[in-house]
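Asks: Predicted model, plus sequence, below.
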Amino acid sequence: MTDTSVPMAKTCDICTDKYIGFGHNAWPLVDDGRCCDDCNSRVLLARIANMRRLSLLGDQSDLELCDDID
């Protein structure tokens, strides 16, 4: 027997468009949210910017938090 169920569409917490699948962790743009593939590039840029800012400030404690992300 084949599964004919239709995957449920979810709403991106950044752009509010619908997407199918698991989505992506939207942190740091949205705390405890999910985003679509298109918005994930914005999320990645924000994470890189945060890491650069922290490394320029010499604060290594928050960089360890980045190991736990998706």
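Replies: It's in. Numbering: from 1, shown residues only.

Asks: Just want the phi and psi numbers for Cys15.
Replies: phi -100, psi -10 (degrees, to the nearest 10).

Asks: separation between it and Ala26?
Replies: Cys15 sits 10 Å away from Ala26, taking Cβ to Cβ, to the nearest Å as the criterion. Just so you know, the C-beta spots here come from the backbone N, C-alpha and C atoms, and that holds for glycine as well.

Asks: who has more neighbours, those two?
Replies: Ala26 (22 against 13; other Cβ atoms under 10 Å).

Asks: surely that one meets Arg34?
Replies: Yes - taking Cβ atoms under 8 Å as the definition, Ala26 is a contact partner of Arg34 at 5.8 Å.

Asks: Overlap of the contact sets of the two?
Replies: Counting by Cβ atoms under 8 Å, 6 or more residues apart in numbering, the contacts common to Ala26 and Arg34 are 12-13.

Asks: quick revisit: could you name every residue contacting both of Cys15 and Ala26?
Replies: 35, 39.

Asks: Buried residues of the strand or helix carrying Ser41, list them for me.
Replies: Element membership for Ser41 (DSSP states H and E) is helix 37-57. For helix 37-57, a neighbour-count test (16 or more other Cβ atoms under 10 Å) marks 39-40, 43, 47, 50, 54 as buried.

Asks: So which one of the residues you listed is the model least confident about?
Replies: Across the buried residues of helix 37-57, the bottom pLDDT score, 86, is held by Leu54.

Asks: State the distance from it to Gly33.
Replies: 22 Å.

Asks: With Met8 instead?
Replies: From Met8 to Gly33 the distance is 17 Å (Cβ to Cβ).

Asks: higher neighbour count, the two?
Replies: Gly33 (17 against 8).
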